[in-house]
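Asker: model the following, please.
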Amino acid sequence: MLAKRSLTSESALFHTHGPLPPESAHLYVLRPADARLEALIRQRGVMAVVGPHLSGKSSMLLRQWGQLGASPRWMPVYLALGELANLDEPAWYAALLDRLTRQTGVAPASLDPAAAPALAWMHAVRAALKRLPRHKTLVLLLDEADAVPPAFNADFFANLRAHTEDRTLERLAIVLAGSHFASAASEDSASPFPPERTVYITDADLEALTYLIAQLGTETRQIASDVPERIYEWTEGDVYLTHVLCAALDRAVPTGGLLLDDVDRAVRRDLFEDASFDRLWQAITEDAAVRDLIDTLLDHQETVRFALAHPATRQAWLAGAVRADALGNCVLRSLVHESVLFALRRNGARHVAREHSELNRSSRAALLRDRYRLDHVVHPGKTSYLFRGTDMHTGEMVAIKQLTVSRDADEIAWQRFQREAEVLTSLDHPNIVRLRDTFRDTDFEYIVMEYIYGGSLFDRLKREGRLPLGEAVSIAAQLAGALDHAHARGIVHRDVKPSNVMLAADCVPRLADFGVARLVTVSGVTRPRTRIGTAPYLSPEACLGEPIDARGDIWSLGIVLYEMLAGAVPFTGRTDVRIARAILDHPLPDLRATRPDAPDALTALLDVMLAKNPADRIASARIAEDHLRALASEIGGC
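Answerer: Presented below is the predicted three-dimensional model:
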């Protein structure tokens, strides 16, 4: 459990509408954009803050207003331009100048009626600067800048652009914040200013969100330690959704323990039904190019690079539908966005979180076995699709695997699908994905399994490169236990690799995808001399197309352990043939070259797990597990 906090009643109130007021500063979530904005303000000049709808731009400006106002060096002025949207050009500039006067207490020169309004306003600002004490810098925080009336916004932004590098305004900083600046933005960005004068808002990381989530802890309510990570898995750093979810949890669980199931229920009850998705879906459907982009991302049809120069990507980002991932690819903004948008597209209706008892007949017809709803394609394959779905009887998320070919079309694929169902039925281990159901519905076969929220080990390694020593050994020990459980029942996995290892909370791995597993007591369905598995993780005997027994799984686990520690597999090549040749001929690279902290016992264990000759390899997964658990105990970790 997270540490209990003694909070006032005010501090427990999460903010879900409008910018955070000053008294709620403890609920503000810091992001990289905050530090960049502070740095640009110190440089003075004109700059822009650009971010998606509901990304916290107003809160960011008000935070700056509060911080700068506490210093004698700054004179911050906050102006919400949306309040002036219905005024004509002369009245708009006059109102702007009036608000400036009231907040600074300095009467600038009146607007010159003979000059262009934008230029006359800037002259008035210069006059205000001269009346300020010489040690003060004027900071104009112009919020809702995308609400400048279209009739004259081009002149307004052009005038500001002209002053971007004006060194005579050394005591002036102008910040404009908005979601889009219409005709003022360049063709390859969403900002009227160059990249070095623009702050783009991104979502928060887990550490920043954890501070906000910790506000839920009180003397009478304790937060389970894995709750922040579960919230982050759902919202993926979306600050608005996190505030809404925390507010819902604050209402739903006033006392006692706040657990993972509470988070999942609140997501389905409150986030899936949030009104912001109605507006988002309308924005998506109004632009055909944006709709095509969202369809591509929902169906995982292809990889799309995130580039603001691409109009559809830029519009989708500003609407709050997409973001850039760590590799620079365009992805849907969060798991909540994926779930809701997929359901809206599928059902054409808003009620994506209603209970099974409330479904009408037409909705029931869309369910599999009158129970399971397909929500999102996780992985489209040649012979099967993996979906994230919902069990409408329990409200739980599940993983649903659908065989997409008939037995006549692909006997091998059909047999492997049946085998996976058969294997999972016989396995019951905390480190193996649990089977929930198997059935046939109309023309397709289905396997329903538990859904693991943490993603795969492959995803984790792609993000972080390598894992802490103790955590890597602990994960390997648990996987060895899972393999021992399978081997004891005559089952050889034959495809142990990071993408087949799902990671739940608290370093708990789940071994998945037994589609190519071999039942020792059953004749195979593999074509003769066919290599089973994935090239970098193949054992030497598998590279030669020879039969694979439990020792082949031990080799593959050794490769996974090496990769977790070193950040790369030990045997590589440009083709599968070259990888196989490296596995057969090359010695195991010294782990200490990249991981000098690896103890002697660990490198010695890897040597016997990765012995080229199966007869020289460690005898069983049980022995490997014992050694790994002993190492994990000595090293420490999760």
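
Asker: so is the nearest residue to residue 452 once chain neighbours are set aside in a helix, a strand, or just coil?
Answerer: Closest residue in space to residue 452, ignoring its immediate chain neighbours: residue 502 at 3.8 Å, by CB to CB, 6 or more residues apart in numbering. All C-beta atoms are positioned from the backbone trio N, CA, C, and that covers glycine. Here residue 502 is recorded as strand under DSSP: H, G, I helix; E, B strand; the rest coil.

Asker: at which residues are the strands of the stretch 1-150 of the chain located?
Answerer: For the stretch 1-150 of the chain, the strands defined by DSSP state E, counting those that start in this stretch occupy 45-50, 74-80, 137-143.

Asker: turn those strands into a markdown table, columns for mean neighbour count and mean pLDDT.
Answerer: Below are these laid out as a markdown table (neighbours: other CB atoms under 10 Å; pLDDT from 0 to 100):
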| stretch | mean neighbour count | mean pLDDT |
| --- | --- | --- |
| strand 45-50 | 25 | 91 |
| strand 74-80 | 21 | 94 |
| strand 137-143 | 22 | 94 |
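
Asker: the ones you listed: which one's closest to residue 239?
Answerer: Set against residue 239 and scored by CB to CB, the strands of the stretch 1-150 of the chain come closest in strand 45-50, at 14.4 Å.

Asker: and the closest one, C-alpha only, in PDB?
Answerer: Presented in PDB, the C-alpha positions along strand 45-50 are these (Å, rounded to 0.1, in the frame of the first residue of the first chain):
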ATOM      1  CA  GLY A  45      10.500  37.400 -26.600                       C
ATOM      2  CA  VAL A  46       7.400  35.900 -28.200                       C
ATOM      3  CA  MET A  47       6.500  32.200 -27.900                       C
ATOM      4  CA  ALA A  48       3.700  29.700 -28.300                       C
ATOM      5  CA  VAL A  49       2.400  26.900 -26.200                       C
ATOM      6  CA  VAL A  50       0.600  24.400 -28.400                       C
END
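
Asker: now do that strand: distance to the chain's middle.
Answerer: Mean C-alpha position of strand 45-50 versus that of the full chain (CA atoms, centre = their mean, to the nearest Å) differs by 27 Å.

Asker: pairing partners for that strand, with directions?
Answerer: strand 172-178 (parallel), strand 198-200 (parallel) (DSSP bridges).

Asker: with just CA atoms, put the first one into CSV.
Answerer: It stands for strand 172-178. Extracted in CSV, the C-alpha atoms of strand 172-178 (Å, rounded to 0.1, in the frame of the first residue of the first chain):
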residue,chain,number,x,y,z
LEU,A,172,8.8,41.7,-22.4
ALA,A,173,7.7,38.1,-22.8
ILE,A,174,4.5,37.2,-24.7
VAL,A,175,3.2,33.6,-24.4
LEU,A,176,0.3,32.5,-26.6
ALA,A,177,-1.4,29.2,-25.7
GLY,A,178,-3.9,27.3,-27.9
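
Asker: in that strand, what counts as buried?
Answerer: For strand 172-178, burial by neighbour count (16 or more other CB atoms under 10 Å) applies to 172, 173, 174, 175, 176, 177, 178.

Asker: just put the residues you listed in a markdown table and tack on pLDDT and distance to residue 202.
Answerer: Listed next are the buried residues of strand 172-178 as a markdown table, based on pLDDT from 0 to 100; distance: CB to CB, whole Å:
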| residue | pLDDT | distance to residue 202 |
| --- | --- | --- |
| 172 | 91 | 28 |
| 173 | 92 | 22 |
| 174 | 93 | 23 |
| 175 | 95 | 18 |
| 176 | 93 | 18 |
| 177 | 93 | 15 |
| 178 | 89 | 16 |
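
Asker: and residue 390, what element?
Answerer: Assessed by DSSP states H and E, residue 390 sits inside strand 384-391.

Asker: ok so, going back, can you tell me which of the buried residues of strand 172-178 is nearest residue 488?
Answerer: Distance to residue 488, by CB to CB, is smallest for residue 177 among the buried residues of strand 172-178, at 61.5 Å.

Asker: the strands paired with strand 45-50: which one's closest to residue 441?
Answerer: Of these, nearest to residue 441 by CB to CB is strand 198-200, at 45.2 Å.

Asker: centre of the chain to the closest one, how far?
Answerer: Worked out by CA atoms, centre = their mean, strand 198-200 lies 21 Å from the chain centre.

Asker: neighbouring contacts of the helix or strand following it?
Answerer: Scanning forward in sequence from strand 198-200 by DSSP H and E, the next helix or strand is helix 206-213. For helix 206-213, contacts defined as CB atoms under 8 Å, 6 or more residues apart in numbering pick out 27, 29-31, 223, 227-229, 231-232, 235, 237, 239, 242-243, 246.

Asker: and with 7 Å instead?
Answerer: Applying CB atoms under 7 Å, 6 or more residues apart in numbering, the contact partners of helix 206-213 are 27, 29, 30, 31, 227, 228, 229, 231, 232, 237, 242, 246.

Asker: and of the strands of the stretch 1-150 of the chain, who's closest to residue 67?
Answerer: strand 74-80 (8.4 Å).

Asker: strands paired with that closest one, and their directions?
Answerer: For strand 74-80, the paired strands and their directions (DSSP bridges) are strand 137-143 (parallel).

Asker: nearest spatial neighbour of residue 152, skipping sequence neighbours?
Answerer: Residue nearest to residue 152 in three dimensions, not counting chain neighbours: residue 89, with 4.7 Å by CB to CB, 6+ apart.

Asker: state the pLDDT value of the one you found.
Answerer: With respect to pLDDT, residue 89 scores 92.

Asker: ok, now which ones touch it?
Answerer: Here residue 89 is in contact with 117, 151, 152 (CB under 7 Å, 6+ apart).

Asker: against residue 605, how distant is the closest residue to residue 592 other than its chain neighbours?
Answerer: Leaving aside its chain neighbours, residue 592 sits nearest to residue 598 (5.8 Å; criterion: CB to CB, 6+ apart). From residue 598 across to residue 605, the span is 10 Å (CB to CB, to the nearest Å).

Asker: just to revisit the earlier point, from the buried residues of strand 172-178, which is closest to residue 21?
Answerer: When the buried residues of strand 172-178 are compared against residue 21 (criterion: CB to CB), the nearest one is residue 177, at 17.2 Å.

Asker: list the contacts of that closest one.
Answerer: Per CB under 7 Å, 6+ apart, neighbours of residue 177: 49, 57, 61, 143, 145.

Asker: let's see it at 8 Å
Answerer: Residue 177 touches 48-51, 57-58, 60-61, 141-145, counting by CB under 8 Å, 6+ apart.

Asker: among those, which one sits closest to residue 408?
Answerer: The closest of these to residue 408 turns out to be residue 51 (CB to CB; 53.3 Å).

Asker: could you check how many residues crowd around that closest one?
Answerer: 23 (other CB atoms under 10 Å).

Asker: hmm, residue 441 is touching residue 367, no?
Answerer: No - counting by CB atoms under 8 Å, residue 441 stays clear of residue 367, with 9.2 Å between them.
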